[in-house]
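J.: One predicted model, sequence on top.
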Amino acid sequence: MRNFYLLIKDNCPLCTVAIQRIHEVALDEPVALHMVDIASQPELLEEYGNLVPVLVRERDDAEIKWPFADDKLRIFLEQ
């Protein structure tokens, strides 16, 4: 199973939309989606504070930043 990390923070409406969009993507194989609250890690908060939500692929640390285009999101999740 492929693992992904969604960088989020509290009170982030875009993060909620991103989670919904990820769950709506029809994939051939399931993926594991792990939420990472950047507020609990100062280095992540400094780097991504104004960029969340950001989706990170565990295998190669590749990331895509919001807004997620439907076709790019599907391809990113399938790789």
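T.: That came in fine, so what should we check first?
J.: how about the strands of this protein, start to end?
T.: Per DSSP state E, the chain carries strands over the ranges 2-8, 31-37, 54-57, 63-65.
J.: Looking at the ones you listed, which is nearest to residue 71?
T.: strand 63-65 (11.7 Å; CB to CB). Using the backbone N, CA and C atoms, a C-beta is placed for each residue, glycine as well.
J.: Strand partners (parallel or antiparallel) of the closest one?
T.: Strand pairing for strand 63-65, using DSSP bridges, gives strand 54-57 (antiparallel).
J.: Run the chain-centre distance for the partner strand.
T.: Here the centre of strand 54-57 is set off from its chain's centre by 4 Å, with CA atoms, centre = their mean, to the nearest Å.
J.: ok so, going back, in JSON lines, list the strands of the chain along with mean neighbour count, mean pLDDT and distance to residue 44.
T.: Supplementary listing: these in JSON lines, determined by neighbours: other CB atoms under 10 Å; pLDDT from 0 to 100; distance: least, CB to CB, whole Å:
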{"stretch": "strand 2-8", "mean neighbour count": "18", "mean pLDDT": "98", "distance to residue 44": "7"}
{"stretch": "strand 31-37", "mean neighbour count": "13", "mean pLDDT": "97", "distance to residue 44": "7"}
{"stretch": "strand 54-57", "mean neighbour count": "19", "mean pLDDT": "98", "distance to residue 44": "9"}
{"stretch": "strand 63-65", "mean neighbour count": "15", "mean pLDDT": "97", "distance to residue 44": "12"}
